[in-house]
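*Asks:* Dropping the sequence and predicted coords here.
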Amino acid sequence: QVQVVESGGGLAQAGGSLRLSCVVSARTVAQYSMAWFRQAPGKEREFVAAIDWRGRATTYTDSVKGRFTISRDGPKKPTYLQMNSLKPEETAIYYCAARLPFQANYEYWGQGTQVTVSS
């Protein structure tokens, strides 16, 4: 059984920062690639950022490049999303997700953490 748990959401002012954390718990050690997604009210869930299991390769959606940073110190360590220069339109539920190398899609999801950015 794989459990994904996010933390760190909350309220920030426009231009402010928040850091989200994500931990994967599983019976066996596995090389999970990790990602963050978000879903704003009335919108579809969208990809935000991803990082490979070693913490070396990262990808971002264009709108967050230069402001958000996804990181991890290794396959057994938490995954973080540092969000700077936040915008009110980035108010959303942020989800952490994990997948194994042979999986095409992210199969394991957390419950989500609310991020609210006030103007």
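*Replies:* Nice, thanks for sending it over.

*Asks:* Now do the strands in this structure.
*Replies:* For the chain, applying DSSP state E gives strands covering 2-7, 10-13, 18-26, 33-39, 46-51, 58-60, 68-72, 79-83, 92-99, 108-109, 113-118.

*Asks:* Contact partners for the spatially most central residue of the chain?
*Replies:* Nearest to the mean C-alpha position of the chain, counting by CA atoms, centre = their mean, stands W36 at 2.6 Å. Residues in contact with W36 (CB atoms under 8 Å, 6 or more residues apart in numbering) are 20, 22, 48-50, 70, 79, 81, 94-97. Bear in mind the C-beta positions are built from the backbone N, C-alpha and C, glycine included.

*Asks:* circling back: may I see the strands of the chain arranged in CSV, with mean pLDDT as well?
*Replies:* Output for the strands of the chain, formatted as CSV (pLDDT from 0 to 100):
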stretch, mean pLDDT
strand 2-7, 94
strand 10-13, 97
strand 18-26, 94
strand 33-39, 97
strand 46-51, 98
strand 58-60, 97
strand 68-72, 97
strand 79-83, 97
strand 92-99, 97
strand 108-109, 96
strand 113-118, 98
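
*Asks:* Look up how far Q103 lies from L18.
*Replies:* L18 sits 29 Å away from Q103, going by CB to CB, to the nearest Å.

*Asks:* Give me the more crowded residue out of these two.
*Replies:* Per other CB atoms under 10 Å, whichever of L18 and Q103 has more neighbours is L18, with 20 against 12.

*Asks:* partners of the more buried one in the sheet?
*Replies:* M83 (DSSP bridges).

*Asks:* Surely it touches L86?
*Replies:* Yes: using CB atoms under 8 Å, L18 is in contact with L86, at 6.7 Å.

*Asks:* any shared contact partners between the two?
*Replies:* Listed as contacting both L18 and L86 by CB under 8 Å, 6+ apart are 12, 115.

*Asks:* separation between the residue lying closest to Q3 once chain neighbours are set aside and V4?
*Replies:* For Q3, ignoring the flanking residues on the chain, the nearest one in space by CB to CB, 6 or more residues apart in numbering is S25 at 4.3 Å. Distance of S25 to V4, given as CB to CB: 8 Å.
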